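Q: sharing a model that was predicted from the sequence below.
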Number of protein chains: 2
Amino acid sequence: MLDASDLRFVTALSAAPSLAAAARNLGVTPPAVSQRLALLEDRLGLRLMDRGRGHLRLTAEGAYLVNRAKDILNDVASLADEMSARAGRIEGPLHVIAPFGFGRLRVAPVLARFGDENPELHPTLNLSEDPVGAMSDGLWDVLIHVGRLPDLRITQRKLAPNRRVLVASASYINRAGLLQSPEDLSTHRIGVVRENRADASLWPLTGPDGIATNLRVRPVFDCNDGEVLRAWALEGFGIVERSEWSVSADLRAGKLVRVLPEWSLPDADIVALLNPRAVRSLRIDKFVERLGSEISAPAG
Amino acid sequence: MLDASDLRFVTALSAAPSLAAAARNLGVTPPAVSQRLALLEDRLGLRLMDRGRGHLRLTAEGAYLVNRAKDILNDVASLADEMSARAGRIEGPLHVIAPFGFGRLRVAPVLARFGDENPELHPTLNLSEDPVGAMSDGLWDVLIHVGRLPDLRITQRKLAPNRRVLVASASYINRAGLLQSPEDLSTHRIGVVRENRADASLWPLTGPDGIATNLRVRPVFDCNDGEVLRAWALEGFGIVERSEWSVSADLRAGKLVRVLPEWSLPDADIVALLNPRAVRSLRIDKFVERLGSEISAPAG
DNA sequence: TCAAGCATTAAGGCGTAACTTAATGTGGGC
DNA sequence: GCCCACATTAAGTTACGCCTTAATGCTTGA
């Protein structure tokens, strides 16, 4: 009678605005969808979807079936994951969210290698200016973030420590002059990363005497991709705050210099958040473990 | 990955003592089962069953899978039933338990007609000397019984009223003599139905003055099929207690006569018990409804 | 030791579910 | 009216899941 493939079929249909769109999503032709739905409706003796007036609408019976189908399919997936975990197999979908810069440069390579080693794994990487916002957009298993996120009820597992530093190119400093104290920043060109709708212009600095002060800066350039900001700093656009992982090679190469090196900013640990609503599965655990070990390793 | 047919397969295996027995139950050859199980184990990367030492045993992983599979398959069946009910379709398995005599003569014909009218219905009729015991043997949806069952927490829906009477053939009475009171029974040949391990030798009689007395009889012949007992009464073996439905035609035809007609026995209503653990479905409701209406109709 | 039952492997077969292509009709927007 | 997107029908194709048969080996009980 009803089979899991039927249930998957109707849930796929219910997520599309039309049968044709569903066919495209499923990678088949419209008659395949049209005929299969008709066969299923015939077997059940029920109309599941109304196709009139250019819109695909679920009937009451169709909606009921889809709701129940989702629960059952979740159970089936959960069972498949459990069996997979018991076998130590790493397979299935893995949805990762990460910020633009760190995501592209540090998460993506690890994910690619991890996926290469586990061909049955289906990774999805969502790079976002607003990783926290992306969380509420639907499907995610792991969110990787630079710096702990405040006011979240989700456990944030530290993958690696990470310091934040102020840097600029040597040419910019030669041109604009050395800084002696944070107050000097007000006369400089400042660039910030636009991320998570956070207030990027408030820099909590701690001096060599251990006294903390919140400095309000006025950014003259910003971008939602941290690596673009680094490139701009290299171009001599001004002073930027970056994570150490981002600029360590540049500092060593002398392309960038520390600004106010005796002042420090709060650490911004690399953290992983696990979706409490997602099924805990081996692939998630193994990926996070792998990412942590690769990020903690000395940068190449 | 995992599909409902896989889940059905492993649950069928888990219910059998060997792969060969499971094959027989499924109506296929042993290699079909052996190969399919091997393929599933290969896909999962897990050993599900140990075949050693002449016994089929579930591994821990296999047991876990089967337990989860049962839950999921119940959900799927429940959903299928719900969709079926919404469409007003009568289909799927229907497991009925009934006593030998009543089951064969009154339940089976109705069930056969009901099944004829609904080709997608798969009826199973289990006639048992011990209907209550059969309940605990596994799979049942409806139990039909003559007389209410005591000490059961299951709702017993009355399908039809039914009186119990003492009868014997005219030739037996001519030979053995008329009875004037219940005490006369002690000098007569008594036959009883052996059913449900009940004490069939205790007859709770109520006299014309309304006073009840429990009479202990000593049966000299018994059978677990009530209709055999009727036949024996017709043969002149002795006095039997029967339900009215069983002997009404014989009484009208004069083949049997009432014994102590001014005394009565408690009614033994025809009742239907629904398995509270079974999914409530349209086919069960419709069958019980049909059975009730056919049993209540004047006997043909 | 022998027979019976069971499990497995290799090779082959077949039915059907899941498509495809081609054609047609409908509805909406311009 | 034309075009586009969508839905449906008819007919054909094919891959694969689910077997089968034949053969072999193992275990157990008499």
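A: Done, it's in. All of these numbers come straight from a predicted model, not from anything done at the bench. Residues are numbered from 1 along each chain as shown, chains lettered A, B, ... in the order given.
Q: where does the stretch 201-300 of chain A have low pLDDT?
A: A:279, A:298-300 (pLDDT under 70).
Q: show me where it has its helices.
A: Along the stretch 201-300 of chain A, the stretches classed as helices by DSSP state H, counting those that start in this stretch are A:226-234, A:244-253, A:282-296.
Q: tell me the most buried of those?
A: Comparing the helices of the stretch 201-300 of chain A by mean neighbour count (mean count of other Cβ atoms under 10 Å in any protein chain shown), helix A:226-234 comes out on top with a mean of 20. (C-beta placed from N, C-alpha, C; glycine too.)
Q: which strands or helices does that helix pack on?
A: On a contact count with 3 or more Cβ pairs under 8 Å, 6 or more residues apart in numbering or on different chains; DSSP states H and E, helix A:226-234 meets helix A:100-102, strand A:164-169, strand A:190-193, strand A:219-223, strand A:239-243, helix A:244-253.
Q: would JSON lines of these with distance to A:Leu7 be doable?
A: Shown next, in JSON lines, are the helices and strands packed on helix A:226-234 (distance: least, Cβ to Cβ, whole Å):
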{"stretch": "helix A:100-102", "distance to A:Leu7": "37"}
{"stretch": "strand A:164-169", "distance to A:Leu7": "48"}
{"stretch": "strand A:190-193", "distance to A:Leu7": "44"}
{"stretch": "strand A:219-223", "distance to A:Leu7": "44"}
{"stretch": "strand A:239-243", "distance to A:Leu7": "45"}
{"stretch": "helix A:244-253", "distance to A:Leu7": "45"}
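Q: closest one to B:Cys223 among the ones you listed?
A: B:Cys223 lies closest to helix A:100-102 among the helices and strands packed on helix A:226-234, at 84.2 Å (Cβ to Cβ).
Q: and A:Arg189, what pLDDT?
A: As predicted, A:Arg189 sits at a pLDDT of 90.
Q: just give me the neighbour total for it.
A: 18 (other Cβ atoms under 10 Å in any protein chain shown).
Q: mind checking how far it is from chain B?
A: 55 Å (Cβ to the nearest Cβ, to the nearest Å).
Q: using the three-state scheme, assign A:Ala198.
A: coil (DSSP: H, G, I helix; E, B strand; the rest coil).
Q: could you tell me how many residues sit around it?
A: A:Ala198 has 15 nearby residues by other Cβ under 10 Å.
Q: for it, give me the pLDDT.
A: 70.
Q: separation between it and A:Leu159?
A: For A:Ala198, the distance to A:Leu159 (Cβ to Cβ, to the nearest Å) stands at 20 Å.
Q: where is the longest helix in chain A?
A: Taking DSSP state H as the assignment, the helix of chain A that covers the most residues is helix A:60-86.
Q: between that one and helix B:60-86, how many degrees?
A: Put simply, helix A:60-86 runs at 180 degrees to helix B:60-86, going by axes from the mean of the first three to the mean of the last three Cα atoms, to 10 degrees.
Q: check which residues of helix A:60-86 are buried.
A: Using 16 or more other Cβ atoms under 10 Å in any protein chain shown as the burial criterion, the residues of helix A:60-86 that qualify are A:61-62, A:64-66, A:68-69, A:72, A:75-77, A:79-86.
Q: relative to B:Leu265, how far out is the residue in the stretch 151-300 of chain A that DNA strand D sits nearest to?
A: At 23.1 Å from DNA strand D, A:Arg283 is the closest residue in the stretch 151-300 of chain A, using Cβ to the nearest atom of the strand. Distance check for A:Arg283 against B:Leu265: by Cβ to Cβ, it reads 70 Å.
Q: give me the nearest residue to A:Ile284, chain neighbours excluded.
A: The shortest distance from A:Ile284 to any non-neighbouring residue, by Cβ to Cβ, 6 or more residues apart in numbering or on different chains, is to A:Asp141 (5.1 Å).
Q: now swap in A:Val132 and tell me
A: A:Asn196 (5.2 Å).
Q: and the one you found, how close does it get to A:Leu143?
A: Applying Cβ to Cβ to A:Asn196 and A:Leu143 gives a distance of 11 Å.
Q: with A:Phe287 instead?
A: Taking Cβ to Cβ, one finds A:Phe287 at 12 Å from A:Leu143.
Q: next one: A:Ile190
A: 28 Å.
Q: more crowded one of these two?
A: In terms of neighbours (other Cβ under 10 Å), A:Leu143 is the more surrounded of A:Ile190 and A:Leu143; the figures are 25 against 22.
Q: for A:Asp116, which three-state class applies?
A: Applying three-state DSSP: A:Asp116 is helix.
Q: quick one: contacts for it?
A: Applying Cβ atoms under 8 Å, 6 or more residues apart in numbering or on different chains to A:Asp116 gives no contacts.
Q: break chain A down into its domains, please.
A: As assigned by automatic domain parsing, chain A contains the domains A:4-85, A:88-161+A:269-296, A:164-258.
Q: which stretch among these comes nearest B:Leu229?
A: Nearest of the domains of chain A to B:Leu229, taken as Cβ to Cβ: domain A:4-85 at 45.7 Å.
Q: that older thread, mind putting the helices and strands packed on helix A:226-234 into CSV with distance to DNA strand C?
A: Output for the helices and strands packed on helix A:226-234, formatted as CSV (distance: least, Cβ to the nearest atom of the strand, whole Å):
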stretch, distance to DNA strand C
helix A:100-102, 36
strand A:164-169, 51
strand A:190-193, 41
strand A:219-223, 37
strand A:239-243, 46
helix A:244-253, 45
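Q: joint contacts of A:Asn196 and A:Leu143?
A: Common neighbours of A:Asn196 and A:Leu143, using Cβ under 8 Å, 6+ apart, are A:131-132.
Q: distance of A:Glu289 from A:Val28?
A: Taking Cβ to Cβ, one finds A:Glu289 at 38 Å from A:Val28.
Q: and for A:Arg157?
A: Distance of A:Arg157 to A:Val28, given as Cβ to Cβ: 40 Å.
Q: for the residue nearest to A:Ile284, give me phi and psi.
A: Here is the backbone geometry of A:Asp141 (degrees, to the nearest 10): phi -110, psi -40.
Q: could you do A:Leu94 as well?
A: Backbone torsions of A:Leu94, given as degrees, to the nearest 10, read phi -140, psi 110.
Q: the residue in the stretch 101-250 of chain A positioned nearest to DNA strand D - nearest residue in space that isn't next to it in sequence?
A: Nearest residue of the stretch 101-250 of chain A to DNA strand D, counting by Cβ to the nearest atom of the strand: A:Glu120, 15.3 Å away. Nearest non-adjacent residue to A:Glu120, counting by Cβ to Cβ, 6+ apart: A:Glu91, 3.3 Å away.
Q: no more questions from me, cheers.
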